[in-house]
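Chemist: I would like the atomic coordinates for the input below:
(one chain, ligands or ions: 1)
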Amino acid sequence: MTQDELKTLVGQAALQYVVPGEIVGVGTGSTVNKFIDALAGMKDRIRGAVSSSLASTERLQALGIPVFDANEVERLAVYIDGADEIDRSGHMVKGGGAALTREKIVASLSARFVCIADESKLVDVLGGFPLPVEVIPMAASAIARHFQAIGGAATLRLKDGQPLVTDNGQHILDVRGLKIADPVKFEAEVSQWPGVVTVGVFAFQKAQVCLLGTSTGVQTLDFTAVQ
Ligand code: 5RP
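Modeler: Next up, the predicted model:
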C-alpha cells in the first residue's frame, strides 16, 4: 500500500471514535484531510467540528460540515489529528503543517486524542523530525540560541522565500539534532522560554489512542495505561 492509501485507511478508521450528536475536534494535515473527507459521509449525524487551522476549516465548510469556534465549546469527546512522530507512550511531535498552537488548544479541550498516522511516524525516541516551535518573531534569535545550548540547530521556516506566518501571525522555528528522551520535562521547560508560543512536543496533550496504518491494515495502539 502507498503512504497515501495508508492515510486514507486510518482517516476512515477514525470515524469509529466520532460520537454521534456531538461536536468533533479536527486537526490539520494530509492524514486529517482523509478523515475530513470520510467525516462528510456522516455529517448529518454530528453537530459539527472545532477546527485547528484555517485550512481544515475551509475543507470542513466546503463539505458542508458546520465549524464552531473553540470558545463556543467547553469540552469535546474526541480530537482526531495526525502527527509527525509518535512514540510508544503516545507522546508526539507535531507542527509540520504549522498548526501546532491551535492543535494543542483543541487537544486540551478534548477528553480523548486519537492520533491517525502511517507507520513511518512511529519512533522509539522523538526528535528525528525537525521540531516545530511557534515563536514571537522578536524572540526567534534568542530562542535559537537556547536550542543551540542544548544541542539543537534552529532554522526559521520560510515560505516563498519569506518567513512563514502562522494562522496566529507568528513564525516557526524548526529544530534539528534533538533527542527528546523525556518529552514531559522537555515540553515543560521549553514552554517557559520567553517568546515561545507553542513547542511541538505533545506530551501533556498526548494521544490516548493511535490508529497506525501498516501494510497489514490498521493497528490500534492504546496508550491509556502508559505514562
Ligand atoms: C500539522 C500537524 C500534522 O498533524 C502533522 O504535520 C502530520 O501531517 P501529515 O498528516 O500531513 O503527515 O501537526 O501542524
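Chemist: please count neighbours and contacts with C-alpha atoms only from this point.
Modeler: Will do.
Chemist: residue 189: neighbouring residues, count only.
Modeler: Residues lying near residue 189 (other Cα atoms under 10 Å) number 11.
Chemist: which secondary structure element contains it?
Modeler: helix 183-190 (DSSP states H and E).
Chemist: any part of the helix or strand following that helix near the ligand?
Modeler: Moving toward the C-terminus from helix 183-190, the next helix or strand (DSSP H and E) is strand 196-199. No: Strand 196-199 lies out of reach of the ligand by Cα under 6 Å from any ligand atom, never closer than 11.2 Å.
Chemist: for strand 196-199, give the mean pLDDT please.
Modeler: Average pLDDT, strand 196-199: 99.
Chemist: give the other helices and strands that the lengthiest strand in the chain contacts.
Modeler: For the chain, the longest strand by residue count, based on DSSP state E, is strand 110-118. Here strand 110-118 touches helix 3-13, helix 30-39, strand 76-81, strand 209-214, going by 3 or more Cα pairs under 8 Å, 6 or more residues apart in numbering; DSSP states H and E.
Chemist: nearest to the ligand, of those?
Modeler: helix 30-39 (3.6 Å; Cα to the nearest ligand atom).
Chemist: is that closest one anywhere near the ligand?
Modeler: Yes: interface with the ligand: helix 30-39 contributes 30, 31, 32 (Cα under 6 Å from any ligand atom).
Chemist: thinking again about what came up before, the longest strand of the chain: which residues count as buried?
Modeler: Under the neighbour-count criterion of 16 or more other Cα atoms under 10 Å, strand 110-118 has 110, 112, 113, 114, 115, 116, 117, 118 buried.
Chemist: heading C-terminal from that strand, find the next helix or strand.
Modeler: Counting by DSSP H and E, what follows strand 110-118 is strand 131-135.
Chemist: tell me the strands beside that next one, with direction?
Modeler: Paired neighbours of strand 131-135 in the sheet (DSSP bridges): strand 171-176 (antiparallel), strand 196-199 (antiparallel).
Chemist: could I get those strands in a markdown table, plus columns for mean neighbour count and distance to residue 55?
Modeler: Output for the strands paired with strand 131-135, formatted as a markdown table (neighbours: other Cα atoms under 10 Å; distance: least, Cα to Cα, whole Å):
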| stretch | mean neighbour count | distance to residue 55 |
| --- | --- | --- |
| strand 171-176 | 24 | 17 |
| strand 196-199 | 22 | 19 |
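Chemist: return the residues of this protein in contact with the ligand.
Modeler: Going by Cα under 6 Å from any ligand atom, the residues of the chain near the ligand are 28-32, 81-84, 94-100.
Chemist: domain parsing for the chain?
Modeler: The chain breaks down by automatic domain parsing into domains covering 3-124+204-222, 131-200.
Chemist: could you single out the most deeply buried of those domains?
Modeler: Mean neighbour count (mean count of other Cα atoms under 10 Å) peaks for domain 3-124+204-222 among the domains of the chain, with a mean of 20.
Chemist: so what's the nearest residue to residue 122 once chain neighbours are set aside bridging to?
Modeler: Among residues not flanking residue 122 along the chain, residue 86 sits closest, at 5.0 Å (Cα to Cα, 6 or more residues apart in numbering). Residue 86 has these beta-bridge partners by DSSP bridges: residue 92, residue 122.
Chemist: what sits against residue 86?
Modeler: Going by Cα atoms under 8 Å, 6 or more residues apart in numbering, residue 86 touches 92, 93, 121, 122, 123, 126.
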